[in-house]
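Colleague: following is a predicted model, sequence given first.
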Amino acid sequence: MYPILDLGLVELRSFGVMSVLCMLLSLLVGEVRGRRRGLEPGTMVGFCAFIYAGGWLGAKLVPMFVEPAHVFSSWEGFVRGFVFTAGAWYGGLLGGVLGLVLASRNRKVPVRVALDIVTPALLLGIALGRMGCLLAGCDHGRPAEGVAWAIIYSDPRGLVPAGLLGVPLHPVQVYDALCSMSILAVVLLIERTRLVREGGLFVVFLALYGSLRLFTETYRGDAIRGLWLGGRVSTSQILSVVLLAGVAVLLAARRRATSVGS
């Protein structure tokens with residue numbers, strides 16, 4: 001694909017460019033949604049600073065624990081992975097949520113309200129971020145011989161291993177982006193019809209994304225995310241199961257609280 005964008009006088013990493021666009025778009029959407037919820041102008045800009053910082057740190061730290069031998073195999077490999085890749089998505093989600101909680105306490109905005117505000121922005125950010133991964137070659141798919149929509153990387157400056165250059169691969173980044181946009185449509189429909197209480201949009205997102213991630217992970221081909229049980233299960237799939245179990249417990253607790261209150 002296009003890991004480097006040649007602008008004539010300067011060359012830019014496509015992943016970095018898409019990351020900046022992703023941050024700006026999600027910030028804009030979050031700010032607009034925050035104002036519609038009655039928050040003062042600039043409130044969600046402050047939130048985003050906490051969310052981005054927590055998400056970035058969480059995404060970078062998880063691979064160090066999951067695949068330390070791979071991450072620390074060489075200084076060059078460490079810098080390449082730490083600077084030019086997105087890191088672990090679930091680590092970024094956890095770190096981002098912790099950042100949001102801190103911002104909520106600082107700005108005195110209920111966490112449930114803040115979560116509902118940022119959910120659509122998060123989904124747009126995921127979709128755009130995955131396009132950055134597609135351009136850079138990170139989070140690439142497994143070999144896909146005979147698949148009509150397979151993609152082939154040929155630029156050695158990308159993040160696809162040399163052994164997979166010229167090999168048709170599943171465009172798993174596109175799969176994730178399409179899933180995110182589908183979930184966004186569902187979330188906006190639910191919000192419009194007011195089918196859930198405050199905080200419910202984020203729970204819907206977690207349930208749907210965790211379920212779809214179990215599916216898309218089967219087409220992933222990068223080992224840095226961590227593989228278990230002889231390579232049959234990825235760390236992200238394990239975390240998806242944990243996430244779905246947490247959602248089930250949360251929903252059961254809410255239902256019990258509602259029944260007791262009535």
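Modeller: Thanks, I have it.

Colleague: give me the pLDDT value at Asp222.
Modeller: Looking at Asp222, its pLDDT reads 80.

Colleague: so which helix or strand takes in it?
Modeller: Counting by DSSP states H and E, no helix or strand carries Asp222.

Colleague: count of neighbours near the residue nearest to Gly92 when sequence neighbours are not counted?
Modeller: Excluding its sequence neighbours, the residue lying closest to Gly92 (Cβ to Cβ, 6 or more residues apart in numbering) is Ala59, at 3.4 Å. C-beta: built from backbone N, CA, C; applies to glycine. Applying other Cβ atoms under 10 Å, we find 21 residues neighbouring Ala59.

Colleague: how close does Ala59 sit to Leu27?
Modeller: Distance of Ala59 to Leu27, given as Cβ to Cβ, to the nearest Å: 18 Å.

Colleague: same check, this time on Cys133
Modeller: 20 Å.

Colleague: and the pLDDT at the residue nearest to Gly92?
Modeller: Listed pLDDT for Ala59 reads 85.

Colleague: in what helix or strand does it lie?
Modeller: Using DSSP H and E, Ala59 falls within helix 43-66.

Colleague: follow-up on the earlier one: wouldn't the residue nearest to Gly92 be in contact with Leu94 here?
Modeller: No. Applying Cβ atoms under 8 Å, one finds Ala59 not in contact with Leu94, separated by 9.1 Å.

Colleague: work out the gap between the helix holding Ala59 and the centre of the chain.
Modeller: Helix 43-66 sits 11 Å away from the centroid of its parent chain (Cα atoms, centre = their mean, to the nearest Å).

Colleague: buried sites along that helix?
Modeller: Along helix 43-66, these residues count as buried under the neighbour rule (16 or more other Cβ atoms under 10 Å): 43-44, 46-48, 50-64, 66.

Colleague: now do it: which elements does it pack against?
Modeller: The elements that helix 43-66 packs onto, with contact taken as 3 or more Cβ pairs under 8 Å, 6 or more residues apart in numbering; DSSP states H and E, are helix 14-36, helix 68-71, helix 89-107, helix 111-136.

Colleague: return the most buried member of the ones you listed.
Modeller: The highest mean neighbour count among the helices and strands packed on helix 43-66, using mean count of other Cβ atoms under 10 Å, belongs to helix 111-136: a mean of 23.

Colleague: who are the packing partners of it?
Modeller: helix 14-36, helix 43-66, helix 89-107, helix 172-193, helix 200-216.

Colleague: distance between that helix and the chain's centre?
Modeller: Distance of helix 111-136 from the chain centroid (Cα atoms, centre = their mean) equals 7 Å.

Colleague: list the neighbouring strands of whichever helix or strand comes after it plus their orientation.
Modeller: Downstream of helix 111-136, the next assigned helix or strand under DSSP H and E is strand 151-152. Using DSSP bridges, strand 151-152 pairs in its sheet with strand 168-169 (antiparallel).
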